[in-house]
Every structure is written in C-alpha cells, then in structure tokens.
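K.L.:
My questions are about this predicted structure, shown below with the sequence.
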Amino acid sequence: MEAPTPDAQTPAAPEPPSDPAKALPKAPAPTSTRVPSIIVGLVVAAVAGLSIWYLVRPQPLLVQGEVDATRLDIAARVDGRVADIPVARGQDVAANAVLVRIDNPETLAKHEQALAAKVVAEAQLANINAGTRAEVIAARKAALERAQASLVLAQRTYERVRQLAEQGNAPQARLDQATDALHESERAVDQARSAYEQAVNGYTAEERQIAVANVQKAVADIKAVQSIIDQMVVYAPVASQVYKRNVEPGEYVSPGVPLVTLIDLSDMWIHFDLREDLVKTLKVGDRLSVRIPALDDRRITVEVKLIATKGEYASWRATRATGDFDLRTFSIRAYPVDKVPELRPGMSAYLDWPR
C-alpha cells in the first residue's frame, strides 16, 4: 500500500497579498457623523429665528371692555305708601308682571266723589230730556185761562166807564182807573201765555247742551282719577330680571322716585372705549372676536352696531417732548352674534387689536 504524498495531506498556504494597502479595513463614510450636526444646527437656528420674530413682531393692543345690558329704573307717577312688593331681587319677571302696589286713600276718595258727580249730571240731563211735567203744564194753562177771563172783565168795565164818562155821568179819574186795569190784564195774559208756552216747549237747546257738557265733564273727571289709580300698581314693561329693590313696604314714595331696577338680559352688548386712531378703521357691521375671562376665556363673535357720533374724553396726556397729543375716545357697542346664556352684565371682555 502506498503512503500518501505530502501534497495530498497538507493544504496549500495562502499567498501573501501583493498590495499591503488593500489588506487594511475600509474607514466609515464621513456623512454618518455629519447628519446629527446639521439637525442640531437647524434646530438652534429655528429657535433663534422664532425668538427674534417674537421679540421683533408688533404685539397686539389689548383693549378691555365690559358687558352691559339695558337697565330700567321703574318709578311711579303717584305718591303714597308702598303696600306690597311681590318680587325679590334676582327674580325673573315676565312682561306686565306686578312689581309694586301703592296705597293712596285720598285718590280713592276723589274717585268716589267723581262717580257721584257723574250720577248728578246724568240725572239733570234725564230731567231735561223728559221735559216739563204734565201737572205743571195744566197749572200754567189754568193760569192763562184766568188771566184771559180777567182781561174780558177789564175790557167790559172799561167800555161802560168810557160811555159814562162821555155822557158826563162818570169822573175822568174812574176812566183812568179802568184804563190801567185793562192794561194790567193784558200784560197778565201775555205773562201767563209765555209761561204756558214754556211749559209746553220744555227746556231750550242751550240748556240741553249744558246738561250734556256736565255729563261729559263728570266722565272726564272719572277718567282722570282712574288714570291715577291705575298708576298705583306698577308693572314690568318687558320680561327682565330684578336687579334691585329701592323701597320696602310701608315707605312713602313720591312721583318719579325709582322703586325697582330691572335688567333686560335679552338686550346685552359689550362696551368698548377706543381711541380715535383705532376707530378710523372700524365701521358698523364689522365682526370681532372677544375673550371673556369669566367664561374660561371663551371666545365669542360680536358685531359692531354702534359707534359714538362724538368722542368724549382724552385717552392720555399730551407730552411736548415727544410731540404727542390728546386722542379722543369713542364709545363702541358690539352685540353677540349668537346668544350666550351665561353672559352677565359687568363681565370683562378683552379684544386683541392689531397694531
């Protein structure tokens, strides 16, 4: 059996590389260490740019306003003592709800007196319309007939005395007496006839007009007193909320003194005072976004509906060194576009006005 040869038993050794540089490992690429540096640089640049922008950019002007609403000071037109106040502070009242009742006995007495005067005037008018009673007409007719009979007797007596006087059988004085008696009888007949005609015709048209006027005057007096009585009960003009009770039961009040103060929560707006240099860019109908701190900084949209016609007061004092001058302030009313039930008068409102 033949022994293996050395070439078959031992593997061949590797040949040494001809180039020593190719035998060393390759170095990593330089871009893998450059990327984080670029990112850090960009972040630093962005932070610096934002910081510079926040420092350089113009800050908006913070304008503070206040929520306001229609306030109603309810007063009475009569005097008297407060009898009852059926409302409490903070209570919601409907329109025409009773707020205050006032007691005034003198006014009530005048009302009763006016009613009695009306009854008298109506009775007088009814009497005139009814005319003269039948008994009065009959009495006047009888008086006329007696006067006429006396006239006939006076005429006959006068004729007899005249004939005797012409014949010389009667003195002239007796004739004169008969003549006077005849004239008196004629005047008596005229008076009796006038009285009878007056009784038959009744009252004149002027007397009827006076009676009608008296009735109308009595009715007017009743209405005047009744209007005062109606004012003794004070009603709420609109649906609102009681803000303050200025009087208590038993107090004496005078006309024009506010009794109850109401707030109409359905008519609320936000009031701002803006300088004239800011108002120049504002017009009615513009919409603004305001922030209400009391409602967790909720933002609501309001619409400008009123810009004061005239500026009221100066916003700051003039400084000669800088050349400033006083700027007038204009009152602005802005109403919420959408109803905000939580909004209450007196809350602050903030507006960021761009410079």
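P.N.:
Perfect, I can see it now.

K.L.:
pLDDT score assigned to R291?
P.N.:
R291 is assigned 93 on the pLDDT scale.

K.L.:
Correction: the previous question concerned W269.
P.N.:
Model confidence at W269, given as pLDDT, is 94.

K.L.:
I'd like the next helix or strand past the helix or strand containing it.
P.N.:
Per DSSP states H and E: W269 is located in strand 258-275. Next along the chain after strand 258-275, taking DSSP H and E as the criterion, comes helix 276-279.

K.L.:
Centre of the chain to that following helix, how far?
P.N.:
32 Å (Cα atoms, centre = their mean, to the nearest Å).

K.L.:
Tabulate the CA atom coordinates of the helix or strand following it in CSV.
P.N.:
Heading C-terminal from helix 276-279, the first helix or strand you meet, by DSSP H and E, is strand 287-292. Extracted in CSV, the C-alpha atoms of strand 287-292 (Å, rounded to 0.1, in the frame of the first residue of the first chain):
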residue,chain,number,x,y,z
ARG,A,287,-67.3,91.4,13.5
LEU,A,288,-64.7,91.0,16.2
SER,A,289,-63.6,88.1,18.3
VAL,A,290,-63.5,88.9,22.1
ARG,A,291,-62.4,86.8,25.0
ILE,A,292,-64.5,86.5,28.2
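
K.L.:
ok, back up a step: got the buried residues for the strand holding W269?
P.N.:
Neighbour counts over strand 258-275 (16 or more other Cβ atoms under 10 Å) mark 259-265, 268-270, 272-275 as buried. The C-beta positions use only the backbone N, C-alpha and C, and glycine is treated the same way.

K.L.:
what packs against it?
P.N.:
strand 61-75, strand 98-103, strand 240-245, strand 298-307, strand 329-336, strand 348-353 (3 or more Cβ pairs under 8 Å, 6 or more residues apart in numbering; DSSP states H and E).

K.L.:
Next, format those strands as JSON lines and append mean neighbour count and distance to V253.
P.N.:
JSON lines is the format used below for the helices and strands packed on strand 258-275 (neighbours: other Cβ atoms under 10 Å; distance: least, Cβ to Cβ, whole Å):
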{"stretch": "strand 61-75", "mean neighbour count": "16", "distance to V253": "8"}
{"stretch": "strand 98-103", "mean neighbour count": "18", "distance to V253": "7"}
{"stretch": "strand 240-245", "mean neighbour count": "18", "distance to V253": "12"}
{"stretch": "strand 298-307", "mean neighbour count": "16", "distance to V253": "34"}
{"stretch": "strand 329-336", "mean neighbour count": "20", "distance to V253": "33"}
{"stretch": "strand 348-353", "mean neighbour count": "16", "distance to V253": "36"}
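
K.L.:
of the buried residues of strand 258-275, closest to A88?
P.N.:
Nearest to A88, judged by Cβ to Cβ, of these is V260 at 10.5 Å.

K.L.:
what sits against the spatially closest residue to E66 that is not a sequence neighbour?
P.N.:
Using Cβ to Cβ, 6 or more residues apart in numbering and skipping residues adjacent in sequence, the residue nearest E66 is H271, 5.4 Å away. Residues in contact with H271 (Cβ atoms under 8 Å, 6 or more residues apart in numbering) are 65-68, 331-333.

K.L.:
6 Å instead?
P.N.:
65-66, 68 (Cβ atoms under 6 Å, 6 or more residues apart in numbering).

K.L.:
Which other helices and strands does the lengthiest helix in the chain contact?
P.N.:
Longest helix of the chain, by residue count under DSSP state H: helix 134-167. Packing partners of helix 134-167 (3 or more Cβ pairs under 6 Å, 6 or more residues apart in numbering; DSSP states H and E): helix 172-201.

K.L.:
list the helices and strands the helix it packs on packs on?
P.N.:
helix 134-167.

K.L.:
Flag every buried residue along the helix it packs on.
P.N.:
Buried-residue list, helix 134-167, by 16+ other Cβ under 10 Å: 137, 140, 143-144, 147, 150-151, 154, 157-158, 161, 165.

K.L.:
what's the neighbour count on the closest residue to R298 other than its chain neighbours?
P.N.:
Distances taken as Cβ to Cβ, 6+ apart place I292 nearest to R298, at 5.3 Å, with adjacent residues excluded. Neighbour count of I292, defined by other Cβ atoms under 10 Å: 22.

K.L.:
Check the one 3 residues further on too.
P.N.:
Taking other Cβ under 10 Å as the neighbour definition, L295 ends up with a count of 15.

K.L.:
gap between it and P171?
P.N.:
Shown here: L295 relative to P171, a distance of 126 Å by Cβ to Cβ, to the nearest Å.

K.L.:
Could you measure from the residue nearest to E66 over to S348?
P.N.:
11 Å.

K.L.:
just L151 next, same as before
P.N.:
In terms of Cβ to Cβ, L151 sits 106 Å off from S348.

K.L.:
what do you get for A121?
P.N.:
If you measure A121 against S348 using Cβ to Cβ, the figure is 65 Å.

K.L.:
related to what we said a few turns ago, contacting residues around the residue nearest to R298?
P.N.:
I292 sits next to 298, 347, 349 when contact means Cβ under 6 Å, 6+ apart.

K.L.:
cutoff 7 Å now
P.N.:
By Cβ atoms under 7 Å, 6 or more residues apart in numbering, I292 lies in contact with 298, 300, 347, 349.

K.L.:
With that, I have no additional questions.
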